[in-house]
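**Student:** everything below, folded, please.
(4 chains)
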Amino acid sequence: MKSLVKFTITLGALGVIVGLLLVMVYRITLPVINSQDLKALNEGLAGVFPGDNTFEKLNETLKSSDQTITIGDCYEVKNGGNIVGLVVTVSSPGSQAPIKMLVGVKKDGTISGVKILSMSETPGLGANADNPTYFVNRDKKITFLDQFTGKNALKDPLVPKQDIIALTGATITSNAVSKGVKIAGEVGYNYLKGVAP
Amino acid sequence: MKKYLKIIWDGISPANPVLIIAIGLCSVIAVSNSVKSALLMTFSFGLVLIPSEIIISTIRKLIPDEIRVPMFVVVIAAFTTMSVLLSRAYFTTIYDVIKLYILLIVVNCIIIGRAEAFAYVHPVVESLFDGIGMTIGYGWVLTAIAVVRELLGKGTLAGIQVLPQSFQPALIMILPPAGFLMIGILVGALETYLRKKGDKK
Amino acid sequence: MSFSHYLVDLAKIFVSSSIINNIILIQFLGLCSYIGLTDNMSSSIGMSFAVIFVTVSSSILTWVIDHWILIPSHLQPVLQITSFILVIGSFVGLVQIYLKKASPNLYKAMGIYLPLIATNCIILGVTFINSMNNYDFIQSIVEAIGISLGYTLAMIMLAGIRERLRNSDVPQFFKGKAIAFMVSGILALAFLGFQGMIK
Amino acid sequence: MKDIIISVATLGGFGALFGVLLGVFNERFKVEENPLSKAIYDALPHGECGACGFPGCFPCAEAIAENRAVLDACTVGGQETAKKVKEVLENFKKENNKQFSNF
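**Tutor:** Here you go, the predicted structure:
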């Protein structure tokens, strides 16, 4: 009987103390983390859709044609009042966990840029997807993600080993990123066709 | 002072976590395909192991023996989460670099292995040195494997092109199975070295 | 989606978690007990049952915590790692005490590796994979069963091979753990063949 | 304020719940410890390295207690551990000859 009381108190007390400490640290760091994430998002949006545009979050969520790919928040890209494009947050299943990306889409469906927000691929293999020093084309210094810029989501197949050079040793990651970009491009094109013909 | 050096030396070769005790292999194989990620892994590994051993060692008297496992894991997990939150808020540059490895470390067996085997039965200062010894022991094995795998697999060393372009890299070396083969060779080497040293003594 | 679609999806999760993405030979998690215990068959089987029990029961309880407490309260980034590990560590504590009484020699054979399951990469890995892919309740149980059976498969395979290796002349350099690593490397290569089986 | 309550309640609550469960299990599945192997275990360096062939130091200590293993089975410990183990065995033998004999 004695050990039961001892265990309950020790483990319970540890839980309470740890719970308190964790929340305290979380409360101190939450505002800072949120401002950092906001800054990163704005940088991401600007990076994915170059030019001095304003980004406005859509309140409706768009549907993706492929069931394994989920579409997150989308941002309308405005330049001087008229809509010039859409930035789509898309997440497609990577080797262990979903890969979350920002994909910029112009009105005619061409991809203006891709940025990976979060992924948990193996370092040195899949994680090379957003590695700035890993070039698929060494002399032109094109990284894995730069390949997508300028391609058209409707006309080009966007499939590794066809028009996209895959990451060495990480076929699953390459397929996941390419499929995510393709679906995001189609969703963006269909939305823009309806809003700004 | 000599005692502390012995503890550090234990971590490096006679009781090397990866090669002899054979724990913490999960991250060694996954991460040892480039020298850069190996060094970053060792850095973030030390960042978690050394404080964890110190914390466990300070509160070791309060932990009843029968439930030491749940207690250890909660303390270490809480400490890791707090350091992740703090580094995500205030040291963002470091965080972006080591964020992939943090999850690998939380599940790493060495931390619990050392908490259970060493920190729980030794005073704080010795635990600190054991943490340092283990980190160095873990680090040199990881980097040794990473050097060989990156050299043969990509022809580069820490990203710098070392072997001439004509060298056709053996892709297998960066793929994870090569991690197993490399550790096999290293374990064989260290055990023969220790066996020879043992016979001489 | 229709019920048959759902079943196909479950089967896909089971096959991919047990064989295609085998937790040991492809994802390289849980290697500590894999190398440490496979030098005798009975402790490998004992360990596999302990892992199956702890994995399935932890993923049930962690799914409940995740979806009933953490997600509604937006406290996931803070509490997730610690609460999952508290559950897993406690289940391991229960298994440890139970095994010490039920089968003492199995308990002795597992030695240090039994407490190591607590942070064993597999179990925390499973709960994290379930949470990141936000599987629903049934899917996370199927994933847990799949992964722990994949673990058992790899453990028994290596234990069998190592037993045969004991009476074959392994070069002196590779005696003991070294040959286990080499064999596992070849097994991992063989398992690479399953990649892309499910589109 | 709400997040503090939730966090403390979750971790504290589950901690206490598992405390009870572990306590009940510990009482129900009590097993008497072999005092000699506990004493030998304390003398070993707890490297848990398995170099002695046993998965961890406790199995090695029990093997020495039931003389299934030789005094200096712990290779990493070397001579001083062997000396310590010998001392533990000696004073254990002196103290309670009767109990030691029936192992």
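**Student:** so who does D:Leu22 touch?
**Tutor:** In this structure, D:Leu22 makes contact with A:7, A:11, B:66-67, B:70, C:90, C:93-94, C:97, judged by CB atoms under 8 Å, 6 or more residues apart in numbering or on different chains. Heads up, the C-betas are built off the backbone N, CA and C, glycines and all.
**Student:** pull the contacting residues for C:Ile186.
**Tutor:** Neighbours of C:Ile186 in contact, by CB under 8 Å, 6+ apart: B:Pro177.
**Student:** give me the distance between it and chain A.
**Tutor:** Distance from C:Ile186 to chain A, counting by CB to the nearest CB, to the nearest Å: 18 Å.
**Student:** and for D:Ile40?
**Tutor:** D:Ile40 sits at a distance of 24 Å from chain A (criterion: CB to the nearest CB).
**Student:** same check, this time on B:Tyr120
**Tutor:** 15 Å.
**Student:** which elements pack onto whichever strand or helix holds B:Asp96?
**Tutor:** Using DSSP states H and E, B:Asp96 sits within helix B:92-106. Using 3 or more CB pairs under 8 Å, 6 or more residues apart in numbering or on different chains; DSSP states H and E, the elements in contact with helix B:92-106 are helix B:25-31, helix B:35-58, helix B:68-90.
**Student:** give me the most central residue, chain A.
**Tutor:** The centre of chain A sits closest to A:Met101, judged by CA atoms, centre = their mean, with a distance of 1.6 Å.
**Student:** helix, strand or coil for it?
**Tutor:** Three-state call for A:Met101 (DSSP: H, G, I helix; E, B strand; the rest coil): strand.
**Student:** what's the distance between D:Val85 and D:Arg68?
**Tutor:** According to CB to CB, to the nearest Å, D:Val85 and D:Arg68 sit 14 Å apart.
**Student:** any chance you could map the strands in the chain?
**Tutor:** Looking at chain A here, since you left the chain open. A:54-57, A:70-79, A:82-93, A:98-106, A:111-118, A:135-137, A:142-143 (DSSP state E).
**Student:** please refer instead to chain D.
**Tutor:** Taking DSSP E as the criterion, chain D carries no strands.
**Student:** around chain A, which positions in it sit nearby?
**Tutor:** Within chain D, the residues that sit near chain A (CB under 8 Å from any CB of the partner chain) are D:3-4, D:7-16, D:18-20, D:22-24, D:26-27.
**Student:** can you tell me which of those residues are classed as buried?
**Tutor:** Burial by neighbour count, 16 or more other CB atoms under 10 Å in any protein chain shown: within the residues of chain D next to chain A this picks out D:3, D:7-8, D:10-12, D:14-16, D:18-19, D:22-24, D:26.
**Student:** grab the longest helix from chain B for me.
**Tutor:** helix B:124-154 (DSSP state H).
**Student:** around A:Ile116, count how many other residues there are.
**Tutor:** Using other CB atoms under 10 Å in any protein chain shown, A:Ile116 is surrounded by 20 other residues.
**Student:** buried ones in stretch A:133-147?
**Tutor:** Per 16+ other CB under 10 Å, stretch A:133-147 contains these buried residues: A:134-136, A:143-147.
**Student:** quick one: distance of it to the chain centre.
**Tutor:** How far stretch A:133-147 lies from its chain's middle: 19 Å, per CA atoms, centre = their mean, to the nearest Å.
**Student:** if we can go back for a sec, settle this for me: the residue nearest to the centre of chain A is touching A:Lys179, isn't it.
**Tutor:** No - between A:Met101 and A:Lys179 there is no contact under CB atoms under 8 Å: 10.7 Å.
**Student:** shared neighbours of the two, anything?
**Tutor:** A:Ser92.
**Student:** how near is D:Val8 to A:Ile17?
**Tutor:** 9 Å.
**Student:** A:Ser64 now?
**Tutor:** From A:Ser64 to A:Ile17 the distance is 45 Å (CB to CB).
**Student:** poorly predicted segments of chain B, please.
**Tutor:** Within chain B, the ranges that satisfy pLDDT under 70 run B:14, B:17, B:21-22, B:107, B:159, B:199-201.
**Student:** quick check, central residue of it?
**Tutor:** Nearest to chain B centroid, counting by CA atoms, centre = their mean: B:Tyr138, 3.6 Å.
**Student:** now do the contacts for that one.
**Tutor:** B:Tyr138 neighbours (CB under 8 Å, 6+ apart): B:17-18, B:24, B:28, B:42, B:45, B:110.
**Student:** distance to chain C added to the residues you listed, as JSON lines?
**Tutor:** Converted to JSON lines, the contacts of B:Tyr138 look like this (distance: CB to the nearest CB, whole Å):
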{"residue": "B:Pro17", "distance to chain C": "10"}
{"residue": "B:Val18", "distance to chain C": "10"}
{"residue": "B:Gly24", "distance to chain C": "7"}
{"residue": "B:Val28", "distance to chain C": "8"}
{"residue": "B:Thr42", "distance to chain C": "18"}
{"residue": "B:Phe45", "distance to chain C": "14"}
{"residue": "B:Ile110", "distance to chain C": "9"}
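**Student:** what subset of those residues is buried?
**Tutor:** B:17-18, B:24, B:28, B:42, B:45, B:110.
**Student:** TSV for those residues, including distance to C:Ser58?
**Tutor:** TSV is the format used below for the buried ones among the contacts of B:Tyr138 (distance: CB to CB, whole Å):
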residue	distance to C:Ser58
B:Pro17	25
B:Val18	27
B:Gly24	21
B:Val28	25
B:Thr42	30
B:Phe45	25
B:Ile110	21
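**Student:** average pLDDT for the lengthiest helix in chain D?
**Tutor:** Longest helix of chain D, by residue count under DSSP H: helix D:2-28. What helix D:2-28 shows for mean pLDDT is 87.
**Student:** again, but for stretch D:64-78
**Tutor:** Rounded mean pLDDT across stretch D:64-78 is 72.
**Student:** any part of the lowest-mean-pLDDT helix or strand in chain A near chain B?
**Tutor:** Lowest mean confidence among the helices and strands of chain A (mean pLDDT, DSSP states H and E): strand A:135-137, at a mean of 79. No - Strand A:135-137 stays clear of chain B (CB under 8 Å from any CB), getting no nearer than 11.3 Å.
**Student:** what ranges do the helices span in chain C?
**Tutor:** C:3-15, C:31-37, C:41-64, C:76-102, C:104-110, C:113-116, C:121-132, C:137-166, C:177-192.
**Student:** packing partners of the second one?
**Tutor:** Helices and strands touching helix C:31-37, as assessed by 3+ CB pairs under 8 Å, 6+ apart, comprise helix B:25-31, helix C:41-64, helix C:113-116, helix C:137-166, helix C:177-192.
**Student:** repeat that for the longest one.
**Tutor:** Identification of packing neighbours for helix C:137-166 by 3+ CB pairs under 8 Å, 6+ apart yields helix C:3-15, helix C:31-37, helix C:41-64, helix C:121-132, helix C:177-192.
**Student:** tell me who's in contact with B:Phe91.
**Tutor:** Contacts of B:Phe91 (CB under 8 Å, 6+ apart): none.
**Student:** switch to 10 Å and redo it
**Tutor:** Neighbouring residues of B:Phe91 by CB atoms under 10 Å, 6 or more residues apart in numbering or on different chains: B:83, B:97-98.
**Student:** related to what we said a few turns ago, wait, which of the buried residues of stretch A:133-147 is closest to A:Cys74?
**Tutor:** Distance to A:Cys74, by CB to CB, is smallest for A:Leu145 among the buried residues of stretch A:133-147, at 19.2 Å.
**Student:** longest helix in chain A, please.
**Tutor:** Longest helix in chain A, counting by DSSP H: helix A:2-48.
**Student:** what distance separates that one from the centre of its chain?
**Tutor:** 24 Å.
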